[in-house]
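>>> just the structure for this:
(one chain, ligands or ions: 2)
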Amino acid sequence: VSGLTAVILAAGKSVRFKSARSKLLHPLLGRPVFEYTLAKVRALKPERIVAVLGDHTDALAGLYPDIAFVRGVKPLGTAFSFLSAKKYLSDGDGLVFLIAGDVPLVREETLKGFARDFARRTEYSIGVITTDMVDPTGYGRILRDGERIAAIVEEKDATRAQKIICEINSGIYLFRRKGLLKALSRIGKDNAKGEFYLTDVVKFLPALAYPIADPYEVLGINTRRELSIAGEILLEEKIGRLMEAGVSFVQPHTVYLDYDVEIGQDTTVYPHTIIRGGTSIGRDGRIGPFTMIDKSAIGHDCHVLFSHLNRVLIGDSVSIGPFANLRPGSVVGDGAKIGDFVELKKSVVAPGAKIPHLSYVGDAEVGSGVNIGAGTITCNYDGVAKHKTIIEEDVFVGSNTTIIAPRRLGKGSYIAAGSTINEDVPPGALAVGRARQVNKAGYSKVIKTRILKKGERK
Ligand code: UD1
Ligand code: CA
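Residues are numbered from 1 along each chain as shown. Ligands and ions are numbered 1, 2, ... in the order given. As a prediction, this is how the structure comes out:
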């Protein structure tokens, strides 16, 4: 639509949402409600987008450099907010598109169809998307005169007879500029809420109803319950799109994904898995069950089972879990294995290295071909600062080894099981850092007798 100015109303108080923050800042599949509305508006390719913000939503002003903001607007009603964007509404050609900030589910196609239709209906000054709701409670009801809207009555002002009207106002409008400012300035606040209702503008200019079939599209987010309903709808759509692209979900209704998660073809996501914050997962993977992945990039052919991955980078053909905890800053190379009960923190594990069980590896570099035995611990923290452990290529670390950082285990060295390593190990060396074993012949009896006697004395 050429010459379009789009206005997003975002200066309300979110009273029904019961939050210290505006509902528009609350996340829906990981991104603010406002951002969905904005994305829909952008699809219309308006010449300019203006968002009207109040104190509760001022945080939005810094986030989107390409849109204009009218800030500090008092929550005196939707008409008051719209009028606050006055300087963008004054005369000129082109239409003004207006949307409440809390209608995130509307389809781009719906908006485009609405705009095309209204552009032709030059006898009308206002177009309003409407729909029939099974339960219209809380929405403005449409009083019709044929295709024309005679009035919109808000819930609190509606009579009993008006309350059973199922056709509601979506909060999405198009306006012709001619006469708009004048009509807006005629709106009063003689109503139950004492607010300047934008919906009253239909009393002063001819308004055309544009009914749509799917009421979910114009679900308004007023309460936490509505936020969760919108989340379910978006999630189902998101998972549906991934399935169409070749991703399998076993029990999809138990899986949660953020909006921007990417998953490659022939990967299967098992039940009770949560994938968030821009995570990308490659092809042919098996993810879950009972896995949580945050802000991570995972390659192809990876298996992740009962684990938590947070801000990590994983190569191809990596096996993780069960019960691994991969903490921020960790990088795992192709073909590596991070097994059961392994915690990685800010560590780089080279391709092919193996940490199969029960280990803590923090602030470490683990070279390729390294095998770390069960129960190995990098002591990276001395109570004051963190220190690095460098384990070069092909080192064998025996089970139950503690490595007191900072330490370097040279290439190809061999660490005896049970060692406490508090000196660097040269390449190729065997390091034994434990008390030598002593066997005392026949002494078993002696020790047992001694223990028995001790017991009798008590
Ligand atoms: C509004 C409509 C109602 C419609 C419904 C659709 C009015 C009077 N009512 O009601 O007919 O069915 O949307 O979802 O317009 N806002 C401001 N300033 C304010 C108040 C609100 O900018 O003073 C913004 C809010 O931030 C929100 C949007 O306008 O993004 C809608 O406000 P809300 O309070 O949710 O309106 P509803 O009561 O739902
Ligand atoms: Ca609303």
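
>>> now do the helices in the stretch 1-150 of the chain.
Ranges of helices within the stretch 1-150 of the chain are 33-43, 78-84, 108-120, based on DSSP state H, counting those that start in this stretch.

>>> which single residue of the protein approaches ligand 1 most closely?
Residue nearest to ligand 1 within the chain: G140 (2.2 Å; CB to the nearest ligand atom). Any C-beta I mention is one placed from the backbone N, CA and C, and that applies to glycine too.

>>> just give me the neighbour total for the closest residue to that residue other than its chain neighbours.
Closest residue in space to G140, ignoring its immediate chain neighbours: N169 at 3.9 Å, by CB to CB, 6 or more residues apart in numbering. N169 has 26 neighbours, counted by other CB atoms under 10 Å.

>>> give me the pLDDT value at N169.
Note for N169: predicted pLDDT of 98.

>>> same thing with D93?
We have a pLDDT of 78 for D93.

>>> surely it meets K178?
No: at 9.4 Å, D93 does not count as touching K178 under the criterion of CB atoms under 8 Å.

>>> so what's K346 up against?
R327, P328, G329, S330, G362, D363 (CB atoms under 8 Å, 6 or more residues apart in numbering).

>>> now I239
With CB under 8 Å, 6+ apart, I239 has these contacts: F249, P252, V255, L257.

>>> secondary structure class for it?
The three-state assignment at I239 reads helix, by DSSP: H, G, I helix; E, B strand; the rest coil.

>>> how about stretch 136-152: buried residues?
Under the neighbour-count criterion of 16 or more other CB atoms under 10 Å, stretch 136-152 has P136, Y139, G140, R141, I142, I149, A151, I152 buried.

>>> before we move on, back to that, helix, strand or coil for the residue nearest to G140?
Under the three-state scheme (three-state DSSP), N169 adopts strand.

>>> I figured it hits V201, correct?
No: here N169 lies out of contact with V201, judged by CB under 8 Å, at a distance of 11.2 Å.

>>> contacting residues around stretch 73-91?
With CB under 8 Å, 6+ apart, stretch 73-91 has contacts from 5, 7, 9, 11-13, 48, 50, 52-54, 68, 70, 96, 98, 100, 177-178, 180-181, 184-185, 187, 189, 193, 195-201.

>>> among those residues, which lie within strands?
Using DSSP state E, the members of the contacts of stretch 73-91 that fall within strands are T5, V7, L9, R48, V50, V52, L53, A68, V70, V96, L98, A100.

>>> neighbours around the fifth one, how many?
Yep, that's V50 we're talking about. V50 has 22 neighbours, counted by other CB under 10 Å.

>>> redo the contacts of I239 as CSV? Include distance to Y381, secondary structure and pLDDT.
Below are these laid out as CSV (distance: CB to CB, whole Å; DSSP: H, G, I helix; E, B strand; the rest coil; pLDDT from 0 to 100):
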residue, distance to Y381, secondary structure, pLDDT
F249, 40, strand, 98
P252, 41, helix, 98
V255, 36, coil, 98
L257, 35, strand, 98
